[in-house]
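> everything below, folded, please.
(2 chains)
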Protein chains: 2
Amino acid sequence: METLELDGRRFNVARANESDIPALAALLADDVLGCKRESTDLERYAVAFQEIDRDPNHLLVAVRDAEDNLVGTMQLTLIPGLTRNGAKRLQIEGVRLASGTRGTGLGTALFEWAHEYGHRHGATLVQLTTDKTRTDAHRFYDRLGYQATHEGYKRPL
Amino acid sequence: METLELDGRRFNVARANESDIPALAALLADDVLGCKRESTDLERYAVAFQEIDRDPNHLLVAVRDAEDNLVGTMQLTLIPGLTRNGAKRLQIEGVRLASGTRGTGLGTALFEWAHEYGHRHGATLVQLTTDKTRTDAHRFYDRLGYQATHEGYKRPL
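Residues are numbered from 1 along each chain as shown, chains lettered A, B, ... in the order given. So this is what the prediction gives:
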């Protein structure tokens, strides 16, 4: 567990645990896109949680405020690969911050923490995809030094 | 190992093994972008190969022609996640096909095989990113039913 201190507000960053699942599911659903594709069937989230939790290459992050409310999450995955001269990638998925944290600097602090995590684990590249309609997020990633060099293609199976 | 049969040409699809590393590195470097960022330092590829190979969530694919030449590769990674109602993703990285195979239908057959692999392992979504300059690849993915709904952001660490 680590503490991020921002203008007198404190946030704890830790590995999510099973008891976080209801709050994580609620946070994922409280989003302009998430509200259409998340469900209230916690059993499916619990199955996914177990799969994430048992693989040391995944870190499902829970961010809590000083009152122990879950206010943020992201999933970090370390992906070794042959390309780019055998580069290991840190992939970030499922980023959500509670609306009440906007403007506190928590997003920036959390990403800086994630980059440090990746660096510590040997990653030389961080990557993520974000929906083309999330223009606020694009400005955020631009400010953090990300470049939108790639098209993010997806397809249902 | 599986065989893809295309207009009388046969290709074998199998898990890459350590002896494939020199040919894999050469294939990655034989590319308009790869030639700038791959190296001849096989030791780094060997380290990455071991990391990929020991995790059952990764499959580094080697495609060979009837004469046993390595003519294609892709890396498949299964990523469980909470988002989208606990969806498991199949992520595809590091796709390369030897220039001599263009027009044979191998690319389409290989992707159909990869989708079937993902489906068999419980993935409900397949995703990849491709450099915005690879316009031929974009047309290929469009034809396969992919949608470029996302921006692909990357940043060195």
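
> can you tell me how far A:T129 sits from B:G122?
21 Å (Cβ to Cβ, to the nearest Å). For every residue, glycine as well, the C-beta is placed using N, CA and C.

> so those two - more neighbours on which side?
A count of neighbours by other Cβ atoms under 10 Å in any protein chain shown puts A:T129 above the other of A:T129 and B:G122, at 23 against 14.

> how about the more buried one, phi and psi?
phi -120, psi 150 (degrees, to the nearest 10).

> which residues touch it?
Taking Cβ atoms under 8 Å, 6 or more residues apart in numbering or on different chains, we find A:T129 in contact with A:H150, A:G152, A:K154, B:Q127, B:T129, B:H150, B:E151, B:G152, B:Y153.

> what's the closest of these to B:L27?
B:T129 (19.4 Å; Cβ to Cβ).

> residues of whichever helix in chain A runs longest that come out buried?
The longest helix of chain A (DSSP state H) is helix A:106-120. By neighbour count with 16 or more other Cβ atoms under 10 Å in any protein chain shown, helix A:106-120 contains the buried residues A:L106, A:G107, A:A109, A:L110, A:F111, A:W113, A:A114, A:H115, A:Y117, A:G118.

> now do stretch A:14-26
So for stretch A:14-26, counting by 16+ other Cβ under 10 Å, buried means A:A16, A:D20, A:I21, A:A23, A:L24, A:A25, A:A26.

> is chain B within reach of it?
Yes. Judged by Cβ under 8 Å from any Cβ of the partner chain, stretch A:14-26 and chain B are in contact via A:L24, A:A25.

> contacts for that stretch?
A:1-2, A:38, A:40, A:42, A:45-46, A:49, A:53, A:59-62, A:64, A:69-70, A:73, B:82.

> as a quick check, tell me the outermost residue of chain A.
A:N85 (26.3 Å; Cα atoms, centre = their mean).

> helix, strand or coil: sort out the closest residue to that residue other than its chain neighbours for me.
By the measure of Cβ to Cβ, 6 or more residues apart in numbering or on different chains, the closest residue to A:N85 outside its immediate chain neighbours is B:S39, 4.8 Å from it. Taking DSSP: H, G, I helix; E, B strand; the rest coil as the rule, one finds B:S39 in the coil state.
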